[in-house]
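Q: generate coordinates for the sequence data below:
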Amino acid sequence: SQVITGNHLLADGFRFVLAGGFNTLLTLVVYQLCLVFLPHNLAYATSWLVGILYLIIVYPTKVFPGGTSSLKRSAATVTIYLTVFLISFWSLEQVVGLGMQERLAIVVVLVVSATLNFMLMRLVYRGWVR
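A: Next up is the predicted model:
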């Protein structure tokens, strides 16, 4: 059936939610631990780097299976990660600046970054970038 094929939006979305859920938990733990000894922006940058390492390993083969690797896809992946990081970093500063507590502000930022990552990474691994 189409729902279980690697190219189907729902299958990709389901795998993204599973892998992303674990990545979210991992980066939240790192962020919260880093807040003990780092300001929120450096804690976020550190947790993002840990998350990127996880994504580099898991996304190409497990979330978007069948997506082949190429120099253009690798460059697009790095560009997307950096762009989403900058957008979410800025978002975190805005949310904290509006008065939301640092430990909770990350939830708002996760919604923004997860949505952007899924949409853009799916474009990369499902054929818009070859």
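
Q: low-confidence ranges, this structure, go.
A: For the chain, the stretches with pLDDT under 70 are 1-7, 66-70, 127-130.

Q: the strands in it, which residues?
A: Counting by DSSP state E, the chain has no strands to list.

Q: next, the buried residues of stretch 111-126.
A: Of the residues in stretch 111-126, Val112, Ser113, Ala114, Asn117, Phe118, Leu120, Met121, Arg122, Val124, Tyr125, Arg126 count as buried by neighbour count, 16 or more other Cβ atoms under 10 Å. Every residue, glycine included, has its C-beta placed from N, CA and C.

Q: how close does the fourth one get to Ile87?
A: Distance of Asn117 to Ile87, given as Cβ to Cβ, to the nearest Å: 10 Å.

Q: tell me how far Leu104 lies from Val58.
A: Distance from Leu104 to Val58, by Cβ to Cβ: 27 Å.

Q: neighbour count winner among these two?
A: Val58 (17 against 10; other Cβ atoms under 10 Å).
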